[in-house]
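Undergrad: Fold the following.
(2 chains)
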Protein chains: 2
Amino acid sequence: MILTLTPNPALDLTWEVAGLRPGSTHRVDAGVARAGGKGLNVARVLHAQGHDVLALATVGGASGAEFAADFEASGVPHRLLPVSGATRRSVAIVDTDAAEASVLNERGAPLDDDEAAALAAATLRLALDATSPARVVAISGSLPDGFGGDRVTALVRDLTAGGARVIVDTSGPAMLDAARAGAYAMKPNAEELAAATGLEDPVAGARVLLEHGARLVVVSLGAEGLMLVSRAERGMPIRARLPRVLRGNATGAGDAAVAAIAAALQLPVDFDADTGEAATARRDLARLATAWSASAVLAPLAGSLARNHRDLESEVAVTPHTPEDPA
Amino acid sequence: MILTLTPNPALDLTWEVAGLRPGSTHRVDAGVARAGGKGLNVARVLHAQGHDVLALATVGGASGAEFAADFEASGVPHRLLPVSGATRRSVAIVDTDAAEASVLNERGAPLDDDEAAALAAATLRLALDATSPARVVAISGSLPDGFGGDRVTALVRDLTAGGARVIVDTSGPAMLDAARAGAYAMKPNAEELAAATGLEDPVAGARVLLEHGARLVVVSLGAEGLMLVSRAERGMPIRARLPRVLRGNATGAGDAAVAAIAAALQLPVDFDADTGEAATARRDLARLATAWSASAVLAPLAGSLARNHRDLESEVAVTPHTPEDPA
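TA: Below you'll find the predicted structure:
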């Protein structure tokens, strides 16, 4: 079983407008409201691909009621922890003329001590369930105030000690905290990694996370594919990419990569071992993550893959990463 | 009692952002959700000014649940008719740097035949209640598909036949329909009037509405105040305005004018009679509507007046309208 945790989910509201004119009034069709948040996207992808997944998130307020109703309709198995703050909203105004989106992301309400403790306890209870333990736990997205620092550090430690492989996809200081706590895999993008480590070179940044305690670091590079660095002695960075650029909706591409990493980490192999088997597993993981990520770009909604992801997988080239590669 | 009808209400969502950059992602504080719609604003103003008012609106979907909860909290007496379509959303993104708002107004779901009939029946039942009949009914805002044309014509006729004075503040062809049905007063702004009648001159446009069957036409002219035209033989247009320009939030200024007209029309005077009493009543109505409208500009939220509206009333100049007046 794969458990995804979304500590700061969002109700995603999307409107389309033909030509956004700042300062003006526009008449538009009804927008679309959807339960969102990075961990939900990860769970949606995994569920659609037939994996046994459970999504855990917080929920609160009127926006939370709408969030819960939409997520229920999705059919993805989930648990929602009621909290006092309203589920944040994320607003996307898609300008169909300019083919660009203007996005407002609410920060999200803080969790109080009791709520943060309850969320950590629920994560541990579900992940370490005796009859259906989680082999992999993916913690995705921003952390609300009250759930960073010590709280996420302890959670990653406890999950790891309980036998789960933890993937963390977050940004800011929490990225370093999660690495220190022994996250099995981390999936920053190049900008997030540079911001968290202060190093522009993604290889150097990824090695900081490995030195802190992470075992695998997958750096997503947008249309340039991704780079994987592991703790294995001969685990020089590898690079996976499609030989062509895809056009589409990049929102959720990183989440599809996390879904692929989670799916791959179910395999009972030490991914950072210095063996041929581990090296093959790392290459397969990088290939799958690149294909799912690219496939998500071709799908209209975040949290879904286009049907050609198996074809894309066969197109992905996995090579040693060289410094000349654009990053 | 004054009844307000809002056939196409909205859940108003407002976010503030310091510098809206189209095509970019912005991190923002939680937005504010508020039960909105022109008739609700009219009712809020009247309720705050101590008038006996009842607001009737439709409600549906998850956005409707949030709408209903917020309106309940306002304390304004109201009835909500459940309908199958979701309450539309209206989105305002206030750019605090540029001091301007970008607005998206959803069109709103159509009413089916049963829903339209039920809304008309509820309006008549509440307005013509034997123990507490409505002296004035204000129908405000856009009409959803299924509630225009014949439906609103019959409703204005039935309300008028039942003894209520009907104020209509809408746009498009429904404006002419309402005039034909004998609306007691109409409150277009200059642009809406020109669009509905095809006449640029607001005096000429207002006279078209009078010829169709309306008794009073109040044309709101923004910072230039308003113009009132009546069917009284000597009822030449009068003009009301403040001698100074106010800065603030013009959203809801027209609704405050409608609230003032509704308050004034409770007086048992034939406002379009050719008498001195009626002429005085028309001037008082124009003065009150100008003062409340200006006061709404100074208030932060639509549906409320600043506390100085009585002082503003004494500042309003009411004069014969001359063609040299800017319109």
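Undergrad: Tell me how many other residues surround A:Ala30.
TA: Residues lying near A:Ala30 (other Cβ atoms under 10 Å in any protein chain shown) number 16. Where you see a C-beta, it was placed from the backbone N, CA and C, and this is true even at glycine.
Undergrad: repeat for the one 5 residues further on
TA: A:Ala35: 30 surrounding residues under other Cβ under 10 Å.
Undergrad: Just say helix, strand or coil for A:Leu301.
TA: Recorded secondary structure, A:Leu301: coil (DSSP: H, G, I helix; E, B strand; the rest coil).
Undergrad: Run through the residues that contact it.
TA: Residues in contact with A:Leu301, defined by Cβ atoms under 8 Å, 6 or more residues apart in numbering or on different chains, are A:Arg34, A:Asn249, A:Gly252.
Undergrad: and the spatially closest residue to A:Asp284 that is not a sequence neighbour, how many neighbours?
TA: Once flanking residues are discounted, A:Asp284 sits nearest to A:Ala264: 6.5 Å by Cβ to Cβ, 6 or more residues apart in numbering or on different chains. Residues near A:Ala264, counting by other Cβ under 10 Å, number 21.
Undergrad: Just the CA coordinates for the helix or strand containing A:Ala264, please, in CSV.
TA: In this assignment (DSSP states H and E), A:Ala264 forms part of helix A:253-265. In CSV, the C-alpha atoms belonging to helix A:253-265 read as follows (Å, rounded to 0.1, in the frame of the first residue of the first chain):
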residue,chain,number,x,y,z
ALA,A,253,3.9,16.9,-13.8
GLY,A,254,6.0,16.8,-10.6
ASP,A,255,3.3,15.0,-8.8
ALA,A,256,3.2,12.3,-11.5
ALA,A,257,6.9,11.9,-11.1
VAL,A,258,6.4,11.4,-7.3
ALA,A,259,3.7,8.9,-8.1
ALA,A,260,6.1,7.0,-10.3
ILE,A,261,8.9,7.1,-7.6
ALA,A,262,6.4,5.8,-5.1
ALA,A,263,5.3,3.0,-7.4
ALA,A,264,9.0,2.1,-8.1
LEU,A,265,10.0,2.1,-4.4
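Undergrad: and A:Trp15, what are its bridge partners?
TA: For A:Trp15, the beta-bridge assignment (DSSP bridges) gives partners A:Ile93.
Undergrad: Show me the helices in chain A, by range?
TA: Listed in chain order, the helices found in chain A under DSSP state H are A:38-48, A:61-74, A:113-127, A:149-161, A:173-180, A:190-197, A:202-212, A:253-265, A:276-298, A:309-315.
Undergrad: Least reliable of those by average pLDDT, please.
TA: Among these, helix A:309-315 has the lowest mean pLDDT, at a mean of 89.
Undergrad: Which elements pack onto that one?
TA: Other elements packing on helix A:309-315 under the criterion 3 or more Cβ pairs under 8 Å, 6 or more residues apart in numbering or on different chains; DSSP states H and E are helix A:276-298.
Undergrad: tell me the contacts of the closest residue to A:Ala263 other than its chain neighbours?
TA: Distance criterion Cβ to Cβ, 6+ apart; nearest residue to A:Ala263, sequence neighbours excluded, is A:His51 at 5.8 Å. Neighbouring residues of A:His51 by Cβ under 8 Å, 6+ apart: A:Ile2, A:Ala262, A:Ala263, A:Gln266.
Undergrad: quick one: buried residues of stretch A:66-81?
TA: Across stretch A:66-81, burial judged by 16 or more other Cβ atoms under 10 Å in any protein chain shown covers A:Glu66, A:Phe67, A:Ala68, A:Asp70, A:Phe71, A:Ser74, A:Val76, A:His78, A:Leu80, A:Leu81.
Undergrad: what about it, start to end distance?
TA: One end of stretch A:66-81 to the other measures 15 Å (Cα to Cα, to the nearest Å).
Undergrad: do the same with stretch A:227-246
TA: This stretch, stretch A:227-246, spans 18 Å end to end (Cα to Cα).
Undergrad: residues of it that come out buried?
TA: Buried residues in stretch A:227-246, counted by 16+ other Cβ under 10 Å: A:227-232, A:235, A:237-242, A:246.
Undergrad: Can you pick out the most distant pair from these?
TA: Distances among the buried residues of stretch A:227-246 were taken as Cβ to Cβ; the most separated pair is A:Arg231 and A:Leu246, at 31.5 Å.
Undergrad: and A:Ala33, bridged to which residues?
TA: A:Leu13.
Undergrad: Contact partners for it?
TA: A:Ala33 makes contacts with A:Leu11, A:Asp12, A:Leu13, A:Glu66, A:Asp70, B:Ala62, B:Ser63, as judged by Cβ under 8 Å, 6+ apart.
Undergrad: of the residues you listed, closest to A:Glu115?
TA: A:Leu11 (18.4 Å).
Undergrad: Quick check: that closest one touching A:Ala62?
TA: No - checked against Cβ atoms under 8 Å, the pair A:Leu11 and A:Ala62 is beyond contact range at 9.4 Å.
Undergrad: how about the residues of chain A near chain B?
TA: A:13, A:15, A:17, A:20-31, A:33, A:62-63, A:65-66, A:69, A:86, A:88-89, A:91, A:93, A:95, A:98, A:100-107, A:109 (Cβ under 8 Å from any Cβ of the partner chain).
Undergrad: if we can go back for a sec, quick one: which of A:Leu11 and A:Ala62 has more around it?
TA: Comparing A:Leu11 with A:Ala62 by other Cβ under 10 Å, the one with more neighbours is A:Leu11, at 28 against 20.
Undergrad: Give me the distance between A:Ser273 and chain B.
TA: To be clear, residue A:273 is Ala; Ser isn't right here. Note on A:Ala273: its distance to chain B, by Cβ to the nearest Cβ, to the nearest Å, is 39 Å.
Undergrad: Nearest residue to that residue in space, please, no chain neighbours.
TA: Nearest residue to A:Ala273, sequence neighbours excluded (Cβ to Cβ, 6+ apart): A:Ala232, at 6.2 Å.
Undergrad: From A:Ile261, how far off is the one you found?
TA: Separation of A:Ala232 from A:Ile261 (Cβ to Cβ, to the nearest Å) stands at 16 Å.
Undergrad: Looking from chain B, tell me which residue of the stretch 101-250 of chain A is nearest.
TA: For the stretch 101-250 of chain A and chain B, the shortest gap (Cβ to the nearest Cβ) falls at A:Val103, measuring 4.2 Å.
Undergrad: can you pull the contacts of that residue?
TA: By Cβ under 8 Å, 6+ apart, the residues touching A:Val103 are A:Ser90, A:Val91, A:Ala92, A:Ile93, B:Ser24, B:Thr25, B:His26.
Undergrad: For PyMOL, what selects the buried ones among those?
TA: In PyMOL, this line selects whichever of the contacts of A:Val103 come out buried by 16+ other Cβ under 10 Å:
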select buried, (chain A and resi 90+91+92+93) or (chain B and resi 26)
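Undergrad: Look at the residue nearest to A:Gly148 when sequence neighbours are not counted and say how many residues are nearby.
TA: Leaving aside its sequence neighbours, A:Gly148 sits nearest to A:Ala174 (Cβ to Cβ, 6+ apart; 5.1 Å). By the criterion of other Cβ under 10 Å, A:Ala174 has 22 neighbours.
Undergrad: and what of A:Gly205?
TA: A:Gly205 - counted by other Cβ under 10 Å - has 23 other residues nearby.
Undergrad: my guess is it meets A:Leu193, correct?
TA: Yes - A:Gly205 lies in contact with A:Leu193 (Cβ under 8 Å); the separation is 4.1 Å.
Undergrad: Between these two, which contacts overlap?
TA: Joint contacts of A:Gly205 and A:Leu193 (Cβ under 8 Å, 6+ apart) are A:Leu199, A:Val219.
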